[in-house]
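Asker: Following is a predicted model, sequence given first.
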Amino acid sequence: MPTLLLTGASRGIGRELLNKYKQDGWTVIAACRDPGAVGDIGADRVLPLEVTSEDSIRALKDTLGDLPIDVLWNNAGVYLDKGMGLEETAADLWSETFAVNTIAPLRIANAFAANVADSEKKTMAFTSSRMGSIGDLGGASSAYAYRSSKTALNMAAAILANDLRPTGVKTVVLHPGWVRTDMGGPSADIDTETSAGGMKKVVDSLTDAQSGGFFNYDGKSWPW
Ligand SMILES: NC(=O)c1ccc[n+]([C@@H]2O[C@H](COP(=O)([O-])OP(=O)(O)OC[C@H]3O[C@@H](n4cnc5c(N)ncnc54)[C@H](OP(=O)(O)O)[C@@H]3O)[C@@H](O)[C@H]2O)c1
């Protein structure tokens, strides 16, 4: 059975991605900040991972060793400056946002690149956001930290796609939609099932030609 390693699996979109992969018979390794607190979320293994900690990433790598990972899905994220303008965006808030949303996914991708390259499906997915799209910026005037962290994630993931192409690993950056979660809030457009099911379909059918792309949960592509 193929294996998924998923961050941000404790709740929200990640929790539903976990369900969808389990329904398809995959082995799911859920990486969560506090495995003791999440209870039984239906994963095969729940392992600790604070995504911003190099020690924590190394410990997870030591635990998993050379295990082939078919899909590594970097999904954990924070949105700390909802509705905030530039004046309120303190440097430490900006740094924390980049640490979780931009730097961590790439450090994790680096740590597990060989595991993914050794698998059948050889895929890395990154949950980003349309809020990181400069092409779709419109009249946006807030959330400098969140938006720029996702723009930077998109760039880093695009470089990674080039870097990993010789190893056969495909990468994809995804906008999950505006989703009813703790982050998206109760007025969001879609539920986690629609979002996770749609994104999984995109990942399942990802071609070499699509690798390095930026897609909506329903398969449409986004401008960078
Ligand atoms: N919801 C939306 O409308 C929307 C729209 C666009 C993009 N997104 C993106 O979709 C992804 C998932 O969002 P969501 O709506 O499901 O958010 P959520 O319900 O707030 O869940 C966030 C997840 O990230 C984990 N996480 C945060 N910081 C972490 C850290 N330092 N180390 C380890 N795990 C950490 C959380 O773990 P804990 O339970 O331990 O806190 C939780 O599992 C994010 O990348 C987000 O930016 C969401």
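Answerer: That came in fine, so what should we check first?

Asker: residues of the lowest-mean-pLDDT helix or strand in the chain that come out buried?
Answerer: Among the helices and strands of the chain, helix 35-38 carries the lowest confidence by mean pLDDT, DSSP states H and E, at a mean of 94. Of all the residues in helix 35-38, those buried under the rule 16 or more other CB atoms under 10 Å are 35, 38. Backbone N, C-alpha and C define where each C-beta goes, glycine included.

Asker: For it, give me every contacting residue.
Answerer: 9-11, 30, 32, 46-48 (CB atoms under 8 Å, 6 or more residues apart in numbering).

Asker: 6 Å instead?
Answerer: Under the criterion CB atoms under 6 Å, 6 or more residues apart in numbering, residues 10, 32, 46, 48 lie in contact with helix 35-38.

Asker: And what about the third one, helix, strand or coil?
Answerer: Using DSSP: H, G, I helix; E, B strand; the rest coil, the three-state assignment for residue 46 comes out as strand.

Asker: Can you report how many residues neighbour it?
Answerer: Neighbours of residue 46 under the rule other CB atoms under 10 Å: 22.

Asker: One more: the second one?
Answerer: The tally of other residues near residue 32 (other CB under 10 Å) stands at 24.

Asker: just the first one next, same as before
Answerer: The number of residues packed near residue 10 is 20, by other CB under 10 Å.

Asker: Now residue 207. Nearest residue, chain neighbours left out?
Answerer: residue 170 (7.9 Å; CB to CB, 6 or more residues apart in numbering).

Asker: OK, contacts around the one you found?
Answerer: Counted by CB under 6 Å, 6+ apart, residue 170 has contacts 123, 206, 211.

Asker: Among those, pick out the one closest to the ligand, please.
Answerer: Lowest distance from the ligand to those (CB to the nearest ligand atom) belongs to residue 123, with 17.3 Å.

Asker: is the lengthiest helix in the chain up against the ligand anywhere?
Answerer: In the chain, ranked by residue count with DSSP state H as the criterion, the top helix is helix 144-164. No - if you take CB under 6 Å from any ligand atom as the test, helix 144-164 misses the ligand, and the best it gets is 6.8 Å.

Asker: What is that helix packed up against?
Answerer: Contacts defined by 3 or more CB pairs under 6 Å, 6 or more residues apart in numbering; DSSP states H and E place helix 144-164 against helix 91-98, strand 170-175.

Asker: List buried residues within the contacts of residue 170.
Answerer: With burial judged by 16+ other CB under 10 Å, the buried subset of those is 123, 206, 211.

Asker: Would you format those as JSON lines with secondary structure and pLDDT included?
Answerer: Below are the buried ones among the contacts of residue 170 laid out as JSON lines (DSSP: H, G, I helix; E, B strand; the rest coil; pLDDT from 0 to 100):
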{"residue": "123", "secondary structure": "strand", "pLDDT": "98"}
{"residue": "206", "secondary structure": "coil", "pLDDT": "97"}
{"residue": "211", "secondary structure": "coil", "pLDDT": "95"}
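
Asker: ok, those vs residue 166, which is closest?
Answerer: Nearest to residue 166 among the buried ones among the contacts of residue 170 is residue 211, at 12.0 Å by CB to CB.

Asker: Let me see the contact set for that closest one.
Answerer: Contacts of residue 211 by CB under 6 Å, 6+ apart are 161, 170-171.
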